[in-house]
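>>> Sequence and predicted model, in that order:
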Amino acid sequence: MADLQLDSRGVIVSCPACGQRNRLAFGKLDAETRCGKCQGALAPAGAPIEVPDAAAFDAVIAASTLPVVVDFWAPWCGPCHMVAPELEKVARNAAGRYLVVKVNTDAVPELGDRFGIRSIPTMAVFVSGREAGRTSGARPAADIEAFIQSSVGQR
Ligand SMILES: [Zn+2]
């Protein structure tokens, strides 16, 4: 699952059986999907996915059928590196329930500016295109899960 990618049209996964790359539409992330080539089952996204640009971000936030957890981070930020493996655990546990994405605020500064991100790591949860919760600072996976659940539940 390490090769998950995101573009403005969907999440791109490689089939574990045949290696074929498949694009999962944002509107179908909560549905079971099969490989277009071999018809093997494709597991839901179970790892954080790096957001390549603002267009892809806007597309996934607007169209995802799953709540989207966004980690705003940067390569020079020590606490961000501490939180990265915790976020990987969260994404693995949350496969099919939430989509976890990462925004490198150095690579896509436009998004950090737009959301007024002043300290990193900052995590935000988006549900149906709207921000439902936000928190700053590194924390363990269990705390991140609790933050996500309270954000999703408070709507
Ligand atoms: Zn396949």
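That came in fine, so what should we check first?
>>> L66 is in contact with F126, correct?
No: between F126 and L66 no contact is recorded; they are 10.0 Å apart, counting by C-beta atoms under 8 Å. For glycine as for every other residue, the C-beta is placed from the backbone atoms N, C-alpha and C.
>>> In terms of packing, which of the two has more residues around it?
Taking other C-beta atoms under 10 Å, F126 and L66 do not tie; F126 has more neighbours (24 against 21).
>>> separation between that one and L99?
Shown here: F126 relative to L99, a distance of 9 Å by C-beta to C-beta, to the nearest Å.
>>> Which residues are in contact with each of those two?
Contact criterion C-beta atoms under 8 Å, 6 or more residues apart in numbering; residues shared by F126 and L99: S64, P67, V68.
>>> Counting by contacts, list what the lengthiest helix in the chain packs against.
Taking residue count as the measure and DSSP state H as the definition, the longest helix of the chain comes out as helix 78-93. Where contact means 3 or more C-beta pairs under 8 Å, 6 or more residues apart in numbering; DSSP states H and E, helix 78-93 is packed against strand 68-73, strand 99-104, helix 141-153.
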